[in-house]
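Sequence and predicted model, in that order:
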Amino acid sequence: MYDDKLDSARIALKLGLGGAAFLAGADKFFGFLADWPRYLSPFAASILPVTPRVFMDIVGVIEMVVGLAILGRWTRIGSFVASVWLVAIAANLVLAGFFDVAVRDVEMAIAAYALARLTEVHDAHRAALPTPGAARRVDVAA
């Protein structure tokens with residue numbers, strides 16, 4: 001049985017994670033929140049075929065798409081992608097020496113995974129409900 005109290009947690013995670021992903025992605029182009037290229041580890045920067053600035057622009061587009069997926073109708077898949085993405089970001093941050101931020105991103109990855117699983121339960125519950133207006137049709141034969 002699905003508990004409506006769980007739905008408030010799902011919605012909070014959906015808005016928080018989707019909004020944060022979109023905002024962080026958009027900020028890759030403006031730099032109001034952070035100097036994003038400085039978080040790129042020297043190792044990652046050395047193997048990239050593009051400059052750190054161009055890479056961050058690409059990352060920004062990906063994060064905005066993932067954020068919109070989470071906020072939209074692709075919450076489950078967007079959340080799974082965000083979870084893996086955040087673990088990869090955390091690994092890069094460890095290599096760059098930003099351990100505190102890496103811990104935060106691992107926690108966000110766990111939250112994204114939880115959102116994906118809550119969404120699975122929510123969607124399964126909704127699929128099991130009768131469709132509105134699909135009451136049984138009774139044929140009256142004359």
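Structure's in. What do you need? Note that the coordinates shown come from a computational prediction; the quantities given were computed from them, not determined experimentally. Numbers count the residues shown, from 1 in each chain.

Residue 52 contacts residue 45, doesn't it?
Yes: Residue 52 lies in contact with residue 45 (C-beta atoms under 8 Å); the separation is 5.3 Å. From N, CA and C alone the C-beta is placed, and that goes for glycine too.

For the protein, which helix extends over the most residues?
Criterion DSSP state H: the longest helix present in the chain is helix 99-128.

And the helices in this structure?
Taking DSSP H as the criterion, the chain contains helices spanning 4-30, 42-47, 52-71, 75-96, 99-128.

quick one: buried residues of the second one?
In other words, helix 42-47. residue 44 (16 or more other C-beta atoms under 10 Å).

Which strands and helices lie in contact with it?
Helix 42-47 sits against helix 75-96, with contacts defined as 3 or more C-beta pairs under 8 Å, 6 or more residues apart in numbering; DSSP states H and E.

ditto for the fourth one
Counting contacts by 3+ C-beta pairs under 8 Å, 6+ apart, helix 75-96 packs against helix 4-30, helix 42-47, helix 52-71, helix 99-128.

List the buried residues in the last one.
For helix 99-128, burial by neighbour count (16+ other C-beta under 10 Å) applies to 101-102, 105-106, 108-109, 111-116, 118-119, 122.

And the first one, by the same measure?
Buried residues in helix 4-30, counted by 16+ other C-beta under 10 Å: 10, 13-14, 17-18, 20-22, 24-28.

Then stretch 59-75?
Under the neighbour-count criterion of 16+ other C-beta under 10 Å, stretch 59-75 has 59, 60, 63, 64, 65, 66, 67, 69, 70, 71, 75 buried.

Same question for stretch 50-61.
52, 55, 56, 57, 59, 60.

Which residues are in contact with the second one?
Translated: residue 55. Listed by C-beta atoms under 8 Å, 6 or more residues apart in numbering, the contact set of residue 55 reads 37, 40, 45, 48.

So among those residues, which ones count as buried?
Buried members of those, scored by 16+ other C-beta under 10 Å, are 37, 40.
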